[in-house]
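*Asks:* Sequence isn't available, so here's the structure alone:
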């Protein structure tokens, strides 16, 4: 009984800590990006050493006899380093690719030339942490998708070219130079298969099969990754047209679905003002009936333009994430126009950072609660000027 109670308290503490860290705008994507980058560097050091650039040059020059074993960890390490940058942007594609890279690292540590139990545990924990935090990586953009597609295709071309050159003697006619290896890699990846170069050993045939399978998967996934953001924007426009439409000019744009955003929207409507709500996720059917709603990322200038932010009286960034509010203000300023910007601050430690983006008004009602409570308990005098100063920074 005592152990169950202790376990329950521990889970509650971990959940509270995770919620607090997530609210500050850096958890879990920043720690996971650091873990992924650190694991990639350690894998490169373990299998390749500090001379990974020299090994890469030797492989590109065709010197495979003594260095072919470093190719898998080299590709996995460099690929995971590239994807760790996407994790910082909460990219869903980078999350998927990092998962695959972590799985590849585990396989390399189990079946490669170097076996390290601590590194095997490290990548297993990283894999579990990525699985547990999948909901935090929900962003997709054309830029991130293009980076994903380019990285995936480049790694596949390198794998197919270097592999076919390394197994050159197993083909008829033999592949003796990198240009011929690149030619064979491209016609195999694209499943064209002219038949002028044919594998004649089991090892070469299995390699050709792997290139065909990976080629089809990578090209299909890359095409989907690039096209998906475009389709998503089209669907968002369709969803946005389901609500009540109004002339989006000289109105207010309220960003977010926090309690402050909802109450501000209601008070503005009660005073006869035109208001457009900008939400990240589409509302349920009938939830916001007869309300002008735009669905999308508030830091995307195209979404803000659709909400009429460039022609609005004011744009109120009132999400629970202070970092998102700051990005929204920056995007509104990038649009131009005469709209005033209002940024909500949920944590007093972020006030100085929010001020750097120079919103017209900074509102911090949640920060005020702690100060008022302390003042009332200690008998300090609370004046109207003090309240206004603390709420509207």
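*Replies:* Looks like it arrived, so ask away. Nothing here was measured: the structure is a model prediction, and the numbers come from that model.
*Asks:* where does the stretch 201-350 of the chain have low pLDDT?
*Replies:* 225-246, 284-289 (pLDDT under 70).
*Asks:* What ranges does it have for its strands?
*Replies:* Counting by DSSP state E, counting those that start in this stretch, the stretch 201-350 of the chain has strands at residues 252-255, 275-279, 293-295, 314-317, 340-344.
*Asks:* Which among the ones you listed is found nearest to residue 192?
*Replies:* strand 293-295 (41.9 Å; C-beta to C-beta). C-beta here means a position set from N, CA and C on the backbone, and glycine is covered the same way.
*Asks:* What helices and strands are in contact with that closest one?
*Replies:* helix 202-240, strand 275-279 (3 or more C-beta pairs under 8 Å, 6 or more residues apart in numbering; DSSP states H and E).
*Asks:* hmm, try it at 10 Å
*Replies:* When contacts are defined as 3 or more C-beta pairs under 10 Å, 6 or more residues apart in numbering; DSSP states H and E, strand 293-295 packs onto helix 202-240, strand 275-279, helix 301-306.
*Asks:* Which strands border it, and is each parallel or antiparallel?
*Replies:* strand 275-279 (parallel) (DSSP bridges).
*Asks:* Pull the distance from the strand it pairs with to the chain's centre.
*Replies:* Distance of strand 275-279 from its chain centroid, counting by C-alpha atoms, centre = their mean, to the nearest Å, is 24 Å.
*Asks:* Report how many residues lie close to the residue nearest to residue 296 when sequence neighbours are not counted.
*Replies:* If the residues on either side of it in the chain are set aside, residue 296 comes closest to residue 303, at 3.4 Å by C-beta to C-beta, 6 or more residues apart in numbering. Look at residue 303: counted by other C-beta atoms under 10 Å, it has 21 neighbours.
*Asks:* How about residue 28?
*Replies:* Close neighbours of residue 28, defined as other C-beta under 10 Å, add up to 20.
*Asks:* from memory it sits against residue 88, does it?
*Replies:* No: between residue 28 and residue 88 there is no contact under C-beta atoms under 10 Å: 11.4 Å.
*Asks:* what's the distance between residue 159 and residue 182?
*Replies:* Using C-beta to C-beta, to the nearest Å, we find residue 159 at a distance of 12 Å from residue 182.
*Asks:* will you turn the strands of the stretch 201-350 of the chain into JSON lines that also has distance to residue 99?
*Replies:* Rendered in JSON lines, the data for the strands of the stretch 201-350 of the chain read as follows (distance: least, C-beta to C-beta, whole Å):
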{"stretch": "strand 252-255", "distance to residue 99": "31"}
{"stretch": "strand 275-279", "distance to residue 99": "29"}
{"stretch": "strand 293-295", "distance to residue 99": "27"}
{"stretch": "strand 314-317", "distance to residue 99": "32"}
{"stretch": "strand 340-344", "distance to residue 99": "34"}
